[in-house]
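> my questions concern the predicted model and sequence given below.
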Amino acid sequence: MTFPIETPLADAAPAAAPGTGGVGESPLRPDGTLKVAGEFAYASDLWMEGMVWGATLRSPHPRARIRSLDIGPALAMPGVRAVLTHEDVPGRRTFGIDHPDDQPVLAIDQVRYQGEPVALVAADHPETARRAMDRIAVEYEVLEPVTDPRAVLADPEGLKVQDRGGITRYQPVRVGDVDAAKAGAEVVVSGEYEVGIQDQAFLGPEAGLAIPTEDGGVDLHVSTQWIHNDLKQIAPCLALREDQIHMTLAGVGGAFGGREDLSMQIHAAMLALHTGRPVKMSYNRYESFFGHVHRHPAQMRYEFGATRDGRLLYADVEIVLDGGAYTSSTMNVVGNAASLGVGPYEIPNIRIDGYGVYTNNPPCGAMRGFGAVQACFAYESMMDRLGAACGLDPVEVRRRNAVTQGSRLATGQVIESPAPLAEMLTRLEAMPLPPEPDRSDLRDLPGGVSQTTHGEGVVRGVGYGVGLKNICFSEGFDDLSTARVRLEVVGGEAAALVHTAAAEVGQGLVTVQEQIARTELGVQKVTIAPADNRVGDAGSSSASRQSYMTGGAVKTACEAVRAELLALAGRRFGRTDLSVSGGKIVSRADGALGTIEDVLGDTAIEETREYHHRRTTPMDPLTGQGRTHTQLALCVHRAVVDVDVELGLVKVVELAAVQDVGKIINRTGVEGQIHGGTAQGLGLALMEEIVVTDGLVRNPSFTDYLIPTILDMPPMRLEILENPDPEAPYGLRGAGEPPTLSSTPAVVAAVRDATGRALTRVPVRPEHIVAGP
């Protein structure tokens with residue numbers, strides 16, 4: 001059944017009081033007030049008596065051989081405690097999120113991208129560390145960088161950046177007979193599309209504190225997305241056992257995929273172990289642009305064939321993703337882009353060729369949407385072209401080709417749970433449009449109060465976008481999360497302690513865990529222990545998976561605790577018809593028999609459980625077929641824009657969205673995820689891009705890398721549907737990523753509608769609107 005929940009413009013969902021609220025309610029976030037008030041302790045706020053400061057010397061070149069490296073002048077400086085190079089790495093000299101030999105801890109004999117770490121410094125003061133870096137003498141033999149991904153495809157051996165070759169992954173998808181279908185197509189449309197490099201632009205730069213321990217190990221307090229994967233990479237490089245490293249999640253100021261790969265973790269630990277002192281490392285904004293991976297830029301070629309009435313017959317697609325200098329998660333991003341390369345549409349004949357390549361451009365990896373964003377911009381642009389060629393409006397052409405329950409995706413995977421895309425489009429189309437702008441108020445016009453226009457040259461446009469995103473990890477990965485739950489009486493009140501290693505990166509996971517424990521155990525007092533590696537792996541805070549996976553783990557552990565509690569109550573009361581409700585032990589026949597506190601007494605119940613989602617399979621290396629994804633989620637957007645067609649300025653007037661979340665665990669949180677994902681999609685559509693020339697980053701600052709502000713983000717209309725997934729905890733669907741997909745093509749389609757320009761590249765710049773095509 002579908003339950004529409006509409007969010008009127010400017011209205012907020014009601015919130016439950018702090019410390020209350022179960023599943024389906026919206027308790028206030030325990031970190032919310034602290035963050036708004038500027039009182040939350042982030043990783044960059046860490047401090048310890050006697051600590052020293054670490055810093056990283058990075059390559060100024062995108063490609064070069066290291067001819068010599070002299071650290072002597074830096075070591076001679078007063079206040080400098082250590083200067084380390086690759087020769088000082090205690091163990092394995094390479095690491096990687098998926099492959100342990102992916103990239104060096106510190107450059108060994110060459111650098112492959114601008115900003116690659118070359119040496120480390122520890123000093124008594126951060127300014128001393130900075131000056132010491134300037135004293136390290138590195139002689140480089142500068143080489144011509146490889147920067148064109150299509151050139152690498154044409155000559156993968158001749159232009160290889162890595163010894164392993166020029167291509168990270170090639171993933172084809174084959175369905176039916178595309179060549180035969182081309183002969184019968186009555187309408188054919190084609191296009192070439194490009195997506196620039198987008199940064200996660202999290203507000204809290206990379207930071208952490210490493211503390212040497214008496215047993216020769218190290219305590220690491222870091223802002224990360226995946227504690228146990230970090231641990232797996234760090235321990236071999238430090239030549240330590242994993243049990244010698246205690247990792248604790250420090251305050252995280254946003255992530256969006258950019259903290260899945262390591263940044264300063266190994267470096268800080270090396271310095272701490274070498275000096276015997278606590279070492280703090282904290283990047284500034286400039287360094288942060290070089291200290292983490294970004295969204296893959298993409299070059300894509302699409303051809304769609306259809307009947308005259310707009311029903312798709314075939315799709316012929318090539319997707320090329322530039323992974324930069326190292327692998328990171330490019331192999332998985334290619335899999336996502338290929339498997340979701342034609343979106344949520346029924347197409348009987350499909351040919352997709354997906355590539356990831358190595359270049360000397362900035363390394364790219366995980367970012368919200370993970371390969372599906374790039375493909376979505378292309379296939380949604382193609383749907384608009386197809387609709388125009390067939391004389392259909394943008395909603396109708398999508399409705400005619402929409403998948404539904406029982407449909408097969410490009411990989412052959414059957415959509416087993418409800419997928420009401422046609423209904424979602426109809427609901428979106430029925431939402432009221434915003435009024436025309438008040439041209440007497442400059443704030444309502446493109447350019448705002450800069451008085452670039454008083455209404456002349458301003459044209460309104462409306463556009464639509466649809467996105468399909470996989471939830472949780474895919475392609476056979478044994479995804480799991482672990483939770484430990486303890487129930488006991490504290491201060492005369494039953495209290496639950498929930499312990500997981502799941503990273504709270506700003507998404508509200510701590511609140512969700514509290515809600516689940518309250519719902520399953522019937523207690524109000526719930527504490528979430530700090531995330532660390534004293535409990536089993538919780539997986540990454542990515543892929544929109546934590547509510548599903550860690551939520552499932554907490555729910556399963558709570559169920560085990562509740563079963564033991566009811567067993568205790570059964571022995572006490574001599575009953576078997578018992579349940580927990582409102583802090584009481586309840587009999588179906590006789591009602592409340594006593595409180596949880598009465599039954600527990602001095603007893604504590606503790607259970608640890610692992611939660612696994614259903615199995616998936618890898619994509620076939622030749623055909624791309626397989627049951628590759630755990631869950632799928634849909635979001636549709638409508639964008640309304642006003643464009644000054646003479647200056648190329650755009651004002652997004654309104655964004656409306658319909659999203660199916662399966663089950664609303666926390667309405668305020670879900671709304672925030674849709675708003676936030678939409679804002680990042682708007683940024684990619686109109687302003688966000690890391691500009692790279694010959695492998696060099698030209699805008700590593702928030703002065704020149706533009707992100708949407710509160711003045712750029714328009715009011716939103718939301719309709720949230722609940723079509724439960726029977727395989728998921730409470731029937732929920734991951735909600736964080738789908739709106740990032742569909743918002744970008746919707747905004748660009750609206751600008752196209754206003755200008756008549758093709759606009760085949762994002763972000764759209766003023767010169768694209770004014771000059772065309």
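Good, I have the coordinates. Computed from a prediction, not measured in an experiment: that's the story for all the values here. Residues are numbered from 1 along each chain as shown.

> now the farthest one out in this structure, which residue is it?
Using CA atoms, centre = their mean, the residue of the chain lying farthest from its centre is residue 574. It sits 50.5 Å away.

> where's the nearest residue to residue 78 once chain neighbours are set aside, which helix or strand?
Spatially, and ignoring its direct neighbours in sequence, residue 78 is nearest to residue 128 (7.8 Å; CB to CB, 6 or more residues apart in numbering). To be clear about C-beta, it is placed using only N, CA and C from the backbone, and glycine gets the same treatment. Per DSSP states H and E, residue 128 falls inside helix 126-135.

> avg pLDDT for that helix?
Regarding helix 126-135, the rounded mean pLDDT is 98.

> send the alpha carbons of that helix over as PDB?
Extracted in PDB, the C-alpha atoms of helix 126-135 (Å, rounded to 0.1, in the frame of the first residue of the first chain):
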ATOM      1  CA  PRO A 126      51.900  23.600  13.300                       C
ATOM      2  CA  GLU A 127      53.700  26.600  11.800                       C
ATOM      3  CA  THR A 128      57.000  24.900  12.600                       C
ATOM      4  CA  ALA A 129      55.800  21.800  10.700                       C
ATOM      5  CA  ARG A 130      54.800  24.000   7.800                       C
ATOM      6  CA  ARG A 131      58.200  25.700   7.600                       C
ATOM      7  CA  ALA A 132      59.900  22.400   7.900                       C
ATOM      8  CA  MET A 133      58.100  21.000   4.900                       C
ATOM      9  CA  ASP A 134      59.500  24.000   2.900                       C
ATOM     10  CA  ARG A 135      63.000  22.800   3.900                       C
END
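
> what residues of that helix count as buried?
For helix 126-135, burial by neighbour count (16 or more other CB atoms under 10 Å) applies to 126, 128-129, 131-133, 135.

> and which of those is nearest residue 767?
Within the buried residues of helix 126-135, proximity to residue 767 (CB to CB) peaks at residue 133, which comes in at 38.3 Å.

> that closest one touches residue 53, doesn't it?
No - assessed by CB atoms under 8 Å, residue 133 is found out of contact with residue 53, at 11.4 Å.

> circling back: for residue 115, see how far away the residue farthest from the centre of the chain is.
Separation of residue 574 from residue 115 (CB to CB, to the nearest Å) stands at 69 Å.

> what's the answer for residue 482, then?
Distance from residue 482 to residue 115, counting by CB to CB: 35 Å.

> what do you get for residue 209?
Between residue 209 and residue 115 the computed distance is 23 Å (CB to CB).

> check residue 305 too.
From residue 305 to residue 115 the distance is 44 Å (CB to CB).

> go on, residue 456?
In terms of CB to CB, residue 456 sits 45 Å off from residue 115.

> between the two, which has more neighbouring residues?
residue 115 (23 against 9; other CB atoms under 10 Å).

> isn't that one right up against residue 360?
No - Residue 115 lies out of contact with residue 360 (CB under 8 Å); the separation is 11.3 Å.

> which two among the buried residues of helix 126-135 are spaced furthest apart?
Maximum pairwise distance among the buried residues of helix 126-135 (CB to CB): 15.3 Å, between 126 and 135.

> tell me, how many neighbours does the residue lying closest to residue 589 once chain neighbours are set aside end up with?
Of all residues not flanking residue 589 in the chain, residue 577 sits nearest, at 6.0 Å (CB to CB, 6+ apart). Residue 577 has 12 neighbouring residues, counting by other CB under 10 Å.

> same deal with residue 548?
Other residues lying near residue 548 total 27 when counted by other CB under 10 Å.

> I'd say it and residue 472 touch.
Yes - in this structure residue 548 lies within contact range of residue 472 using CB under 8 Å: 5.8 Å.

> so what sits against both of the two?
With contacts defined as CB atoms under 8 Å, 6 or more residues apart in numbering, the residues shared by residue 548 and residue 472 are 613, 630-631, 734.

> which members of those residues are positioned in helices?
Using DSSP state H, no member of those sits in helices.

> now, which of those residues sits nearest residue 557?
Using CB to CB, the shortest approach to residue 557 within the shared contacts of residue 548 and residue 472 belongs to residue 613, at 16.0 Å.

> how about the closest one: what's its closest non-neighbour residue?
residue 630 (4.8 Å).

> tally up the residues packed near the one you found, please.
Other residues within reach of residue 630, judged by other CB under 10 Å, total 24.

> what does residue 586 give?
So residue 586, with other CB under 10 Å, has 18 neighbours.

> per-residue pLDDT, it?
On the pLDDT scale, residue 586 gets 96.

> coming back round to it: surely the residue nearest to residue 589 touches residue 585?
No - taking CB under 8 Å as the definition, residue 577 is not a contact partner of residue 585, at 10.8 Å.

> how about residue 485, secondary structure?
strand (DSSP: H, G, I helix; E, B strand; the rest coil).

> and residue 720, that's in a helix?
No - assigned with three-state DSSP, residue 720 falls outside any helix and is strand.

> against residue 357, how distant is it?
In terms of CB to CB, residue 720 sits 39 Å off from residue 357.

> kindly report the same for residue 730.
Distance, residue 730 to residue 357, by CB to CB: 41 Å.

> can you check residue 173 too?
On the measure of CB to CB, residue 173 and residue 357 end up 18 Å apart.

> the two - which one has more neighbours?
residue 357 (30 against 26).

> strands of the stretch 51-200 of the chain, residue ranges please.
52-58, 64-70, 80-84, 94-95, 103-104, 110-111, 117-123, 137-142, 167-175, 187-195 (DSSP state E, counting those that start in this stretch).

> buried deepest among those strands, which one?
Of all these, strand 117-123 has the most neighbours on average by mean count of other CB atoms under 10 Å, namely a mean of 26.

> sheet-wise, list the partners of that one with their directions.
Sheet pairing of strand 117-123 (DSSP bridges) gives strand 52-58 (antiparallel), strand 80-84 (antiparallel).

> got the angle between the shortest one and strand 64-70?
Between the axes of strand 80-84 and strand 64-70, defined by axes from the mean of the first three to the mean of the last three CA atoms, to 10 degrees, the angle is 140 degrees.

> between helix 126-135 and strand 80-84, find me the angle.
Using the same axes, to 10 degrees: strand 80-84 against helix 126-135 is 40 degrees.

> repeat for the first one
In this structure, strand 52-58 runs at an angle of 30 degrees to helix 126-135, with the same axes, to 10 degrees as the basis.

> among the helices and strands of the protein, which one scores worst on average pLDDT?
Every helix and strand of the chain was ranked by mean pLDDT, DSSP states H and E. The lowest is strand 5-7, at a mean of 36.

> can you tell me the element residue 520 falls in?
Assigned by DSSP H and E, residue 520 falls in helix 509-521.

> report all helices and strands that that helix contacts.
Judged by 3 or more CB pairs under 8 Å, 6 or more residues apart in numbering; DSSP states H and E, helix 509-521 is in contact with strand 480-490, strand 493-499, strand 525-528, helix 546-573.

> who does the first one pair up with?
The sheet places strand 480-490 alongside strand 493-499 (antiparallel), strand 605-612 (antiparallel), with pairing taken from DSSP bridges.

> most tightly packed of those strands?
Among those, ranked by average contacts under mean count of other CB under 10 Å, first place goes to strand 493-499 (a mean of 22).

> I'd like to know how many residues surround residue 621.
Around residue 621 there are 10 other residues, counting by other CB under 10 Å.

> give the bridge partners for the residue nearest to it when sequence neighbours are not counted, please.
The shortest distance from residue 621 to any non-neighbouring residue, by CB to CB, 6+ apart, is to residue 171 (7.5 Å). On the basis of DSSP bridges, residue 171 is bridged to residue 354.
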